[in-house]
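>>> structure, please.
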Amino acid sequence: MEEGRSADNEFESVDFVREKVKSDIAADRFHGRVQTRFPPEPNGFLHIGHAKSIYLNFGIAEEFGGTCLLRFDDTNPETEDTSYVRAIQEDLEWLGVTPAGEARYASDYFEQIYDWAEDLINKGLAFVDDQSAETISEQRGGFGQPGIESPFRDRSVQENLALFRGMRDGQFADGEKVLRAKIDMQADNMWLRDPVLYRIRRIPHHRTEDRWIIYPTYDWAHGQSDAIEGVTHSICTLEFADHRPLYEWCLSHLDLPGDTPEQTEFARLNITHTVLSKRVLRTLVEEGHVDGWDDAQMPTVRGLRRRGYPASALRDFVDRVGVAKTNSTVEVELLESFVRTELNEIAPRRMAVTKPVKVVITNWPEGQIEWFDVANHPNNPDLGTRSVPFSGELWIEDDDFKLDPPPKYFRLTPGREVRLRNAYLITAVDAEVDGDGAIVQVNCTYDPDTRGGNAPDGRKVKSTMHWVSAEHAVDATVNLYDRLFTDSHPGSEGTDPLESLNPRAKEICHAKVEPVLADIGVGEVIQFERLGYFAADLDDPSVFHRTVGLRDEWANLQKRKKK
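Numbers count the residues shown, from 1 in each chain. Just a heads-up that it's a prediction; the model follows:
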């Protein structure tokens, strides 16, 4: 049964936002309509925090028989680009949501928004200010500190109209004048202290090009765009709660074409060892700490996709986190547990050696090759089998052999017998080392009566290891990832989050993988046995990104909390 629906298909509220929508429908508010929107600014890539908002807005529209629009709030040409527009649209498709109709843009409404600004001027509710941005900011005061009214606040309607039209017509330099709302410079809410509505910026816009040189601020354009589109429920994250009085003030003084939308705020998504500030993410990209917005280390939708996170796991995760009224932080291990649980059911198994050491089976018949029919998934026979070659020279992981093993080390060491998965039992004889003492070759013998990995006499071994035939191995690059930030709450103490960047967040391995992986498809996720889940890169399938490890760290965290 779909979560949130009962047997009679009536929606059962599971959070306060849905409860409010349900109440509005019962009261016939907005004539029973439900219309939401997802309003990204096209100045960067979507991240997992946006995914929470996406699934909330599109989910509410679907659950209550409404619609959800995609609108780009493109009011800042300095940071916006069509490449971000395309990326956002592609990410929405990958996340599995479909906006109602064509994408909208705040820039579609620039003319109407401008006309409404003139309406405010005519009502004596807006004025042109000649002061600099720095002076305006200083005059706003602060909490417990009075604001200072602009000396240009009492200009006449006629003068303000003439100046505002002059701003639009290019009579003034960038930053020379702004249009401000005339509200209350002594308001407790700082956003009501005569906020800026328009500023002059001679920067070509990605859609309107150079047709406009004045641009509305986000706070002025956002509510008006909602109203034009017929949005009923404007759902925002908590940082916009202080903006709501301004949102409502702007709408209350305009002749709107329909219902007045209402803003509701919910807690944004915060995850440990992760930063979801678009400013910080941009810095990571621009300073070369990562290889772009779609780097597999990034918490962007593109990055998570490249790393092999299924979209359905992201949806399950944000459903589990829920919708709250107060901000909190979720352990990244919870997110990984949803990814691991899904991949465990669907990911085919393969063998790969990330840090290879050569094994030579000294009693292996020269030139002999054997093939083993191996299941692609131990619990899903529908995924079929594959043929895996075995020869007298193999690759194993370098930590699967020790000349001088530590206590409780059960893998390969001189004189010890281990199982090679699906193949034979082998016993280490000795090893060859280089001048630095590094193991370069392990010499072993095998028991030909143990084909398949079991001894006829019933003897047991304590370790089973993965391997790859050296003659048939395919070269691959494997990227192993640790936390991008060492601090569980980067920047939480007012520090620069980049100070806790993990210098060992990424390890590049030159691996040997079984031959079937030469034909893997881009983006396909598989399990490297004993190592974790890995995704073939979206551009180069010879590169693999570790999605998550095999160990359920979330479950371990919960056990420790109970102690």
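
>>> any weak-confidence spans in the protein?
1-13, 563 (pLDDT under 70).

>>> then whatever helix or strand residue 93 lives in to PDB, C-alphas only?
Element membership of residue 93 [criterion: DSSP states H and E] is helix 82-95. The C-alpha atoms that make up helix 82-95 are tabulated as PDB, following Å, rounded to 0.1, in the frame of the first residue of the first chain:
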ATOM      1  CA  THR A  82      21.200  28.000 -18.800                       C
ATOM      2  CA  SER A  83      23.500  25.100 -18.000                       C
ATOM      3  CA  TYR A  84      22.000  25.100 -14.500                       C
ATOM      4  CA  VAL A  85      18.500  25.200 -15.900                       C
ATOM      5  CA  ARG A  86      19.100  22.100 -18.000                       C
ATOM      6  CA  ALA A  87      20.800  20.300 -15.100                       C
ATOM      7  CA  ILE A  88      17.900  21.000 -12.800                       C
ATOM      8  CA  GLN A  89      15.400  19.700 -15.300                       C
ATOM      9  CA  GLU A  90      17.400  16.600 -15.900                       C
ATOM     10  CA  ASP A  91      17.700  16.000 -12.200                       C
ATOM     11  CA  LEU A  92      14.000  16.300 -11.600                       C
ATOM     12  CA  GLU A  93      13.400  13.700 -14.300                       C
ATOM     13  CA  TRP A  94      16.000  11.400 -12.700                       C
ATOM     14  CA  LEU A  95      14.300  11.900  -9.300                       C
END
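
>>> give me the contacts around that helix.
38, 40, 42-46, 51, 54-55, 70, 72, 98-99, 103, 206, 293, 301-302, 305, 311, 314-315 (C-beta atoms under 8 Å, 6 or more residues apart in numbering). Placement of C-beta: from N, CA and C, glycine included.

>>> show me what counts as buried in it.
Buried residues in helix 82-95, counted by 16 or more other C-beta atoms under 10 Å: 84-85, 87-89, 91-92, 95.

>>> from those, which is closest to residue 224?
residue 85 (20.7 Å; C-beta to C-beta).

>>> what is residue 543 paired to in the beta sheet?
Beta-bridge partners for residue 543, by DSSP bridges, are residue 477.

>>> what's the spacing between it and residue 30?
Shown here: residue 543 relative to residue 30, a distance of 50 Å by C-beta to C-beta, to the nearest Å.

>>> in the stretch 301-450 of the chain, which spans are helices?
301-307, 311-321, 332-346 (DSSP state H, counting those that start in this stretch).

>>> in the shortest one, which residues are buried?
In this case it means helix 301-307. 301-307.

>>> and what of the longest one?
Neighbour-count burial for helix 332-346, with 16+ other C-beta under 10 Å as criterion, is recorded at 332-340, 342-343.

>>> possible to save these as JSON lines with distance to residue 242?
Converted to JSON lines, the buried residues of helix 332-346 look like this (distance: C-beta to C-beta, whole Å):
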{"residue": "332", "distance to residue 242": "29"}
{"residue": "333", "distance to residue 242": "33"}
{"residue": "334", "distance to residue 242": "29"}
{"residue": "335", "distance to residue 242": "29"}
{"residue": "336", "distance to residue 242": "34"}
{"residue": "337", "distance to residue 242": "35"}
{"residue": "338", "distance to residue 242": "33"}
{"residue": "339", "distance to residue 242": "35"}
{"residue": "340", "distance to residue 242": "39"}
{"residue": "342", "distance to residue 242": "38"}
{"residue": "343", "distance to residue 242": "41"}
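
>>> in the stretch 101-250 of the chain, which spans are helices?
Counting by DSSP H, counting those that start in this stretch, the stretch 101-250 of the chain has helices at residues 110-122, 133-139, 157-169, 218-229, 244-252.

>>> how about those, which one is nearest residue 502?
helix 218-229 (33.5 Å).

>>> mind giving me the packing neighbours of the closest one?
Here helix 218-229 touches strand 35-38, strand 67-72, helix 110-122, strand 196-200, strand 233-237, helix 244-252, going by 3 or more C-beta pairs under 8 Å, 6 or more residues apart in numbering; DSSP states H and E.

>>> among these, which is nearest residue 18?
Nearest of the helices and strands packed on helix 218-229 (C-beta to C-beta): strand 233-237, 10.1 Å.

>>> which helices and strands does that closest one pack with?
helix 16-26, strand 35-38, helix 48-63, helix 218-229, strand 262-266.

>>> can you give me the buried ones in the first one?
By 16+ other C-beta under 10 Å, the buried positions in helix 16-26 come out as 17-18, 20-22, 24-25.

>>> need those residues in a markdown table (columns: distance to residue 193).
Shown next, in a markdown table, are these (distance: C-beta to C-beta, whole Å):
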| residue | distance to residue 193 |
| --- | --- |
| 17 | 29 |
| 18 | 34 |
| 20 | 29 |
| 21 | 32 |
| 22 | 36 |
| 24 | 31 |
| 25 | 37 |
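
>>> right, and residue 299 touches residue 272 too?
No: between residue 299 and residue 272 there is no contact under C-beta atoms under 8 Å: 11.4 Å.

>>> which one's more surrounded, those two?
For residue 299 and residue 272, the more surrounded residue by other C-beta atoms under 10 Å is residue 299, and the numbers stand at 22 against 17.

>>> need the contact list for that one.
47-49, 271, 274-276, 281.

>>> taking those, tell me the two that lie furthest apart.
Once C-beta to C-beta is applied, those give 271 and 281 as the farthest pair, at 13.2 Å.

>>> can you list contacts of stretch 334-345?
Taking C-beta under 8 Å, 6+ apart as the rule, stretch 334-345 contacts 48, 271, 308-310, 312-314, 316-317, 320-321, 380, 525, 527, 533, 547-550, 552-555.

>>> tell me the contacts of residue 324?
15, 266-267 are the contacts of residue 324 under C-beta under 8 Å, 6+ apart.

>>> most neighbours among the residues you listed, which one?
residue 266 (22 neighbours).

>>> what sits closest to that one if chain neighbours are left out?
residue 323 (5.0 Å; C-beta to C-beta, 6 or more residues apart in numbering).

>>> first-to-last residue distance for stretch 418-427?
6 Å (C-alpha to C-alpha, to the nearest Å).

>>> and that stretch, how far from the chain's centre?
41 Å (C-alpha atoms, centre = their mean, to the nearest Å).

>>> that older thread, just the buried residues of the contacts of stretch 334-345.
Buried members of these, scored by 16+ other C-beta under 10 Å, are 48, 271, 308-310, 313-314, 316-317, 321, 525, 527, 533, 547-548, 552-554.

>>> just to revisit the earlier point, the helices of the stretch 301-450 of the chain: which one's closest to residue 253?
Nearest of the helices of the stretch 301-450 of the chain (C-beta to C-beta): helix 311-321, 36.4 Å.

>>> could you check the angle the closest one makes with helix 48-63?
80 degrees (axes from the mean of the first three to the mean of the last three C-alpha atoms, to 10 degrees).

>>> just checking, what packs against helix 311-321?
helix 48-63, helix 82-95, helix 332-346.
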